[in-house]
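Student: Dropping the sequence and predicted coords here.
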Amino acid sequence: MRAVLVAATGGITLAFVIAWFWRSAEMEHATAAYILGIVSLLSGGFLRRHCFRQLGASFTFDVRVAPAQAIVDTGAYRFVRHPSYTAGLLMGGGIALALGNWLSVAVALVPALLAYAYRIAIEERALLTTLGPAYANYMKRTTRLIPFLI
């Protein structure tokens, strides 16, 4: 979790610095980018709350799997294995997009995406080890972050 927190917080902080100092990377349609960024931020926040409700006590900030843990495959989890991480990327990307600077978007998203990829690898290994074939079947039916794509 530390990797995600450092990458996301550091990336967003750096995105603000870049937006302030590197005006050459400003987006042509700043107002549209701002509106899209706010919509992305709010959508990510709502999705994250949805994930808290869907997982209940199984929502933890560290990677922890109980042998009797049920696989949640309702709501957003019907389509995506890690919608909470999708939400985090939507929120971070939304903040950076609202800044109206292409370089800010890249600096906010790339480190966060790498950190989430690292965490997903660890988490899925733990889930497969503990929950076995039931989780493997769930993996076959869903994508990691974006419905029907990734």
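Tutor: Now that the structure is in, tell me what you want to look at. Residues are numbered from 1 along each chain as shown.

Student: what residues does stretch 112-120 touch?
Tutor: Here stretch 112-120 makes contact (CB atoms under 8 Å, 6 or more residues apart in numbering) with 1, 3-4, 6-8, 11, 63, 81-82, 85, 88-89, 92, 144-145. In short, each C-beta sits where N, CA and C put it, glycine included.

Student: at 7 Å instead, please
Tutor: The contact list for stretch 112-120, computed with CB atoms under 7 Å, 6 or more residues apart in numbering, reads Ala3, Val4, Ala7, Ala8, Gly11, His82, Tyr85, Gly88, Leu89, Gly92, Arg144.

Student: Am I right that the fifth one is in contact with Ala108?
Tutor: Yes. Contact status for Gly11 versus Ala108: in contact at 4.4 Å, counting by CB atoms under 7 Å.

Student: Low-confidence stretches in the chain?
Tutor: Counting by pLDDT under 70, the chain contains low-confidence residues at 25, 57-58, 60-64, 66, 150.

Student: Nearest the middle, which residue of it would you pick?
Tutor: By CA atoms, centre = their mean, the chain has its centre lying nearest to Tyr85, at 2.6 Å.

Student: Could you look up the SS state of that residue?
Tutor: Three-state call for Tyr85 (DSSP: H, G, I helix; E, B strand; the rest coil): helix.

Student: residues near the residue nearest to it when sequence neighbours are not counted, how many?
Tutor: Of all residues not flanking Tyr85 in the chain, Tyr116 sits nearest, at 4.6 Å (CB to CB, 6 or more residues apart in numbering). Using other CB atoms under 10 Å, Tyr116 has 24 other residues around it.

Student: Confirm that Tyr116 sits in a strand.
Tutor: No. If the criterion is three-state DSSP, then Tyr116 is helix and not within a strand.

Student: quick one: it and Phe16, what's the gap?
Tutor: Distance of Tyr116 to Phe16, computed by CB to CB, to the nearest Å: 21 Å.

Student: same question, Leu113
Tutor: In terms of CB to CB, Leu113 sits 19 Å off from Phe16.

Student: Packing partners of the helix or strand where Ile38 lies?
Tutor: Ile38 belongs to helix 30-55 when elements are defined using DSSP states H and E. The contact analysis (3 or more CB pairs under 7 Å, 6 or more residues apart in numbering; DSSP states H and E) places helix 30-55 against helix 83-98.
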